[in-house]
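Participant: coordinates for the following, if possible.
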Amino acid sequence: MEIRKLEVFCKVVELKSFTKAAERVLLSQPTVSEHIRNLENELGQKLINRLGKEIEATPVGKLLYGYATNIIRIQQEAVQAIEQYSGDLKGKIKVGCGTIPGTYILPEFISQFRDEHPSIKTILRITSSHTIALEVLAGELELGFVGARWKEKKLDWTEMFSDELTLVLYPDHPLAGYKEVCLEDVTGMPFILREPESGTRKVFCKILEQEGLKMNDLQIVAEIGSTAAVKEAVKAGIGISILSKRAVQDDVNCGRLITIGVKDLDLRRPFYFIKRKNRALSPVAAAFVDYLLNSVQY
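Facilitator: As a prediction, the model looks like this:
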């Protein structure tokens, strides 16, 4: 089996589309279809079910996909190791990030890292903490940076960055004149939450539990799937929210939002670097992690 055909097959399975896979691997759709037919003929098994516009892997296809992703990863690691031995580190890193580390923290470090290693390409995927963990476990991402920690024994968790949550209000809100409020004041106000899989929401939920409260004790008026959209909803006067100080700093500086403290609550939180346990990082990914560990100010 040729590596290139396995790469094409994996993209078809991941994207569930011959057209999208062709665009991603820079081939024509007929060529992608031919690669899949050649694999099926070589193995004597049907790998892809074509159900009209729906594409899905057969049970044998799913089995092959698991092996194929490992073969591709090992091949890439071998090339990187040889290049590293030659003193010329090349390759790409696939990194999954929550909104805050992916938007406000990592880009600066990636830029600095590329100054030292211009031949390394970083693919940054910003999504929910839960999705990142699943994709790291599945081998689709090598590294992840998330804003919450939970019980997942197959992952290694390393605290790497820090952040602080804050109560965010629109300028005309009744509480806007206060420097600090009690948690009871917050529970009585219309409140906007991030989606359930958000690291920010997971951390805030734990804070509420420590205070003997639950999400149901809030007057929730909206659940929104991105920090940027939550900020816009707060500006529109829909409600208040708890967000990262990093995410709202520009709006606060411009007077579009106001932040205040919540009395007796420690709203600081760490961000965690995650990787799959007992799986060595590729040379490129290992170099990036080493760079972060040596650069981050705790």
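
Participant: any regions of the stretch 51-200 of the chain where pLDDT drops low?
Facilitator: Judged against pLDDT under 70, the low-scoring parts of the stretch 51-200 of the chain cover residues 80, 83-88.

Participant: can you give me the strands in it?
Facilitator: In order along the chain, the stretch 51-200 of the chain carries the following strands (DSSP state E, counting those that start in this stretch): 54-57, 91-97, 120-126, 143-146, 155-169, 180-181, 190-194.

Participant: nearest to Lys235 among these would be which one?
Facilitator: strand 155-169 (9.5 Å; C-beta to C-beta). From N, CA and C alone the C-beta is placed, and that goes for glycine too.

Participant: packing partners of the closest one?
Facilitator: On a contact count with 3 or more C-beta pairs under 8 Å, 6 or more residues apart in numbering; DSSP states H and E, strand 155-169 meets helix 129-137, helix 199-210, helix 227-235, strand 241-244, helix 245-253, strand 258-262, strand 268-276.

Participant: what residues does Leu175 make contact with?
Facilitator: By C-beta atoms under 8 Å, 6 or more residues apart in numbering, the residues touching Leu175 are 169, 181, 185, 189, 240, 260.

Participant: highest neighbour count among these?
Facilitator: Scoring those on neighbours with other C-beta atoms under 10 Å, the highest-scoring entry is Ile240 at 27 neighbours.

Participant: just checking, it touches Met189?
Facilitator: Yes. The pair Ile240 and Met189 passes the contact test of C-beta atoms under 8 Å, sitting 5.4 Å apart.

Participant: follow-up on the earlier one: would you turn the contacts of Leu175 into JSON lines with distance to Asp217?
Facilitator: Below are the contacts of Leu175 laid out as JSON lines (distance: C-beta to C-beta, whole Å):
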{"residue": "Leu169", "distance to Asp217": "19"}
{"residue": "Val181", "distance to Asp217": "16"}
{"residue": "Asp185", "distance to Asp217": "13"}
{"residue": "Met189", "distance to Asp217": "12"}
{"residue": "Ile240", "distance to Asp217": "15"}
{"residue": "Ile260", "distance to Asp217": "20"}
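
Participant: and the residues you listed, which is closest to Val95?
Facilitator: Ile240 (32.1 Å).

Participant: so who does that closest one touch?
Facilitator: Taking C-beta under 8 Å, 6+ apart as the definition, contacts of Ile240 comprise 167-170, 173, 175, 186, 189-192, 234.
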